[in-house]
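1. Sequence plus predicted model, see below.
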Amino acid sequence: MKGNIVDQLTTLDFFIVGAYLVILFIIGFRASFSGKKKTNDTLFLAHKSLGWSSIGFNMWGTNVGPSMLLAFASVGFSTGIVAVNFDYYAFIFLFLLAVVFAPRYIAAKVSTMPEFMGNRYGSSTSDILAVYALIKILISWLSLGLFAGGFLVRQILGIPMWESIIVLVTFAGIFTFAGGLKAIAKVNIFQMLLLIAVSLTLSIIGVMKVGGVSKVFHSVPPEFWNLVRPASDPKYPWIAILLGYPVSAIAFFCTDQAMVQSVLGARNLEQGQLGVNFIGWLKILSLPLFILTGILCFILFPDLKDPNAAYMTMVTNLFPPGMNGLVIVVLIAVLVGTIGSSLNALSTVFTMDVYVKKFKPQATNQEIIRMGRIVVVIGCVFAVLVALAIDNIKGLNLFDIFQSVLGFIAPPLAVVFLLTVFWKRTTQWAVNLILSAGSAFSLGVGILYLWVFTPDKYPVWPHYLLLSFYIFAVLMVSAIIISLIDSKGVVFEHSDIHGELVKPTRRVWLLWGALAVVMIVLYIVFNGH
């Protein structure tokens, strides 16, 4: 097995990296300093024109990135295909988005999730949800993205995490100055397709090197091919996935602005529902594209000490000269794009939903821009600190780190949105308390679990997925009790959430039925080994 990744880069690799960066900088320069000034209005006004294929690809692109490539390969190396549950089991919650949540969002004619909840319970709820959205962006998008990027740079350059993060932040800063983030946005679909092509090529080369599909199947422990593990399994017991994953899935697929925005931009409700169905089909590809890479690494490089290095180990050892450099720069470029997008979202939410709305309604454009830049700087510093803290999490692999962090952010969102949609009796007081005190409780437990009383030293903790479910259950019961006690509380300011809703068409039902059948077959095929 070859050693440090950077030592394997040839002159051709460096030439391709250089050429790729020059092209991006040229596109970025043209995007930033072009004499043609276009208003942003057209970008927003076009949001009601998306068809099902655009929605599916947009959502999948949001969901899949370099961080997930590294994480899926890591867990594939360690445990086989069990982590594909996080994509296959997701079809139930995608169905919930398409058939339950999306019709209500569209009927309410809202553009954001804080706006939706504000229409239901008033401005106080909207404000609290906006603050929670900021926390969620900072942790689940920005900090995790920076951590994944730092992890990748550390693998490539062989330097400590804090230096890796500084390299990445510097890289992102240079790209921002040259308009590179705009360039990345312009070529983002191309880069996602390139990443997919790279992973598919990697899987095909790996299968051929092992000696064929049959040889791959018989070269790993039989349980590697099981989606359902026994309840006694220490890593992924079936009960933990069954109960714990839905909490994160509901919060991520049904309430996260980044995911829901694509559906809100649908040409009509049917196109939105078909688009969500399409991402369900796309998620089937996670096994051959992402998980299989880790399994092949387990067969070809069984002595690999760090499973988190599985993806880059495969890239370095199987790809010919030139491919290594291209893969590395595309991974970093997409990560920089993710970090830039997260910073932009953070800046926008704070300046528009908090600063202008609450502190300075008469702020000039210059003041808004200045505040936005201040937020970006503060966000960078905070994200660096959280990314370094995430790197100190003990006893979990890369995949589990991502899932556990999301698992502690998700419970309050899952509770308030489920109750808002399914129970008319839910009151403003209950929602506000769950979003504030409930969030503090959930995040507090997460801090204790991940950093203070870590599971590697205190094995009394339940599985992090079960822990997420227990927090969800406590918050759900609390919200119901508070709503029942608060008999005269604000229930709804507007009742259109339970008004006339458009029912799914026959085509929508047929495609969701077909997807359900395929998923059931996959769960039958990949079990009992």
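-> Thanks, I have it.
2. count of neighbours near residue 55?
-> By other C-beta atoms under 10 Å, the residues close to residue 55 number 26. In short, each C-beta sits where N, CA and C put it, glycine included.
3. Mind listing what's buried along stretch 382-393?
-> Within stretch 382-393, the residues scored as buried using 16 or more other C-beta atoms under 10 Å are 383-384, 386-388, 390-391, 393.
4. ugh, wrong one, I meant stretch 100-118
-> For stretch 100-118, a neighbour-count test (16+ other C-beta under 10 Å) marks 101-107, 110, 112-118 as buried.
5. which among those gets closest to residue 158?
-> residue 113 (41.5 Å; C-beta to C-beta).
6. Could you check how far that closest one is from residue 353?
-> Computed as C-beta to C-beta, to the nearest Å, the residue 113 to residue 353 distance reads 11 Å.
7. hmm, back to that, so which of the buried residues of stretch 100-118 belong to helices?
-> If you go by DSSP state H, those have 102-107, 113-118 in helices.
8. Can you give me the neighbour number for the closest residue in space to residue 128 that isn't next to it in sequence?
-> Of all residues not flanking residue 128 in the chain, residue 435 sits nearest, at 4.6 Å (C-beta to C-beta, 6 or more residues apart in numbering). Neighbours of residue 435 under the rule other C-beta under 10 Å: 25.
9. Please give the number of neighbouring residues around the nearest residue to residue 106 once chain neighbours are set aside.
-> Closest residue to residue 106 apart from its sequence neighbours, by C-beta to C-beta, 6+ apart: residue 269 at 5.5 Å. For residue 269, the count of nearby residues is 21 (other C-beta under 10 Å).
10. Would you list the phi and psi of residue 269?
-> When read as degrees, to the nearest 10, the backbone of residue 269 gives phi -60, psi -40.
11. For residue 478, see how far away the residue nearest the centre of the chain is.
-> By C-alpha atoms, centre = their mean, the chain has its centre lying nearest to residue 63, at 4.7 Å. Using C-beta to C-beta, we find residue 63 at a distance of 30 Å from residue 478.
12. same deal with residue 206?
-> 49 Å.
13. Neighbour count for those two, which is higher?
-> More crowded of residue 206 and residue 478, by other C-beta under 10 Å: residue 206, with 20 against 17.
14. so the more buried one makes contact with residue 289?
-> No - with contact defined as C-beta atoms under 8 Å, residue 206 does not count as touching residue 289 (11.9 Å).
15. tell me how far the one helix or strand residue 378 maps to is from the chain's mean position?
-> Residue 378 is part of helix 365-391 when elements are defined by DSSP states H and E. Put simply, helix 365-391 sits 20 Å off its chain's centre (C-alpha atoms, centre = their mean, to the nearest Å).
16. other SSEs contacting that helix?
-> Counting contacts by 3 or more C-beta pairs under 8 Å, 6 or more residues apart in numbering; DSSP states H and E, helix 365-391 packs against helix 144-157, helix 161-177, helix 323-348.
17. Now do it against helix 323-348, angle only.
-> Put simply, helix 365-391 runs at 130 degrees to helix 323-348, going by axes from the mean of the first three to the mean of the last three C-alpha atoms, to 10 degrees.
18. which is the next helix or strand following helix 365-391?
-> Following helix 365-391 toward the C-terminus (DSSP H and E): helix 398-422.
19. what's the helix or strand that comes right after that next one in contact with?
-> Counting by DSSP H and E, the element after helix 398-422 in chain order, helix or strand, is helix 428-433. Applying C-beta atoms under 8 Å, 6 or more residues apart in numbering, the contact partners of helix 428-433 are 117, 120-122, 124-125, 128, 416, 419-420, 478-480, 482-483, 486, 489-491.
20. make it 10 Å
-> Residues from elsewhere that reach helix 428-433, judged by C-beta atoms under 10 Å, 6 or more residues apart in numbering: 117, 120-122, 124-125, 127-129, 412, 415-417, 419-420, 423, 427, 438-439, 475, 478-486, 489-493.
21. Out of those, which end up buried?
-> 117, 120-122, 124-125, 127-129, 412, 415-417, 419-420, 427, 438-439, 475, 478-480, 482-483, 486, 489-492.
22. count of residues packed around residue 367?
-> Using other C-beta under 10 Å, residue 367 is surrounded by 14 other residues.
23. just for the stretch 301-450 of the chain, where's the confidence low?
-> Scanning the stretch 301-450 of the chain for pLDDT under 70 picks out 337, 340-341, 344-345, 348.
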